[in-house]
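In: fold the stuff below for me.
(one chain, ligands or ions: 1)
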Amino acid sequence: MNIELIKGDITKIEGDAIVNAANSSLLGGGGVDGAIHRAGGKQILEECMAIRNRQGKCKTGEAIVTTGGNLPAKYVIHTVGPVWNGDEEKGSKLLANCYIKSLKLAESLDVKTIAFPNISTGIYRFPKELAAKIAIDEVRNFKSEIIEKVVFVCFDDENEAIYNEFLKEIR
Ligand code: ADP
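Out: Predicted structure coming up:
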């Protein structure tokens, strides 16, 4: 899989799928979640509510999918990142699961291109360097015959600098 880094707003990304850093209620929230629901329109929320009614809340580290509503992306994969509480081992495992479960779900939908935000590094306060390391490691370890491109969409300067540094190291 090709790995790319983009600085910007994930709601503007075209392609098969974008990932949302959702919360377990699936009913929208702040940060990237709010931006995706605002730009994507009410269809995404309605689909989230239907999923919630069927299977309950989305657990941390799990992922569900809706269409992209009014977004240029075809699908939104909603995954729930861990809230940082200082437990590095547990938090790291849960964050890794977000990437793995999202990629597996994407494969099941025959997704060729997928864009990730920097899950958990906003309101959920996960240390940015550790989060970037986990994100990059999980994507690199995920061998896919289906997904061709993974884009890391960094919104803030700090994450962009961290991803640039780590991706430079592996190139
Ligand atoms: P979490 O609750 O998982 O921490 P946040 O949305 O608060 O989720 O933050 C996750 C990351 O998403 C942060 O790095 C934040 O800068 C970034 N972000 C916020 N808005 C957008 C956006 N429109 N596109 C891409 N990334 C965004």
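
In: how close does the residue nearest the centre of the chain sit to Asn85?
Out: Central residue of the chain (CA atoms, centre = their mean): Val19, 3.6 Å from the mean position. Distance check for Val19 against Asn85: by CB to CB, to the nearest Å, it reads 22 Å. C-beta coordinates here come from the backbone N, C-alpha and C atoms, glycine included.

In: go on, Asn2?
Out: 34 Å.

In: near the ligand, which residues of the chain?
Out: Contact residues (CB under 6 Å from any ligand atom) of the chain with the ligand: 9-11, 21, 30-33, 35, 81, 117-124, 153, 155-156, 159.

In: repeat that for 8 Å
Out: 8-11, 21-23, 29-36, 81, 83, 117-126, 128, 153-156, 159 (CB under 8 Å from any ligand atom).

In: give me the buried entries from those residues.
Out: Among the residues of the chain next to the ligand, those classed as buried by 16 or more other CB atoms under 10 Å are 10-11, 21-23, 29, 31-33, 35-36, 81, 117-122, 124, 126, 128, 153-155, 159.

In: and the residues you listed, which of them are in helices?
Out: Counting by DSSP state H, the part of those found in helices is Gly31, Val32, Asp33, Ala35, Ile36, Lys128, Asn159.

In: list the buried residues in stretch 123-140.
Out: Tyr124, Phe126, Lys128, Leu130, Ala131, Ala132, Ile134, Ala135, Ile136, Glu138, Val139.

In: of those, just say which sits nearest to the ligand.
Out: Tyr124 (3.4 Å; CB to the nearest ligand atom).

In: could you pull up phi and psi at the nearest residue to Val139 once chain neighbours are set aside?
Out: Excluding the flanking residues, the one nearest Val139 by CB to CB, 6 or more residues apart in numbering is Val150, at 5.1 Å. For Val150, the backbone dihedrals (degrees, to the nearest 10) come out as phi -120, psi 130.

In: ok, so what distance separates Val150 from the ligand?
Out: Here the criterion is CB to the nearest ligand atom, to the nearest Å. By it, Val150 lies 15 Å from the ligand.

In: and the pLDDT for Ile170?
Out: pLDDT, Ile170: 83.

In: which of the helices or strands spans the nearest residue to Ala22 once chain neighbours are set aside?
Out: Excluding the flanking residues, the one nearest Ala22 by CB to CB, 6+ apart is His78, at 4.0 Å. Element membership of His78, judged by DSSP states H and E, is strand 73-80.

In: can I get the buried residues of stretch 123-140 in TSV including pLDDT?
Out: Listed next are these as TSV, based on pLDDT from 0 to 100:
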residue	pLDDT
Tyr124	98
Phe126	98
Lys128	98
Leu130	98
Ala131	99
Ala132	98
Ile134	98
Ala135	98
Ile136	98
Glu138	98
Val139	98
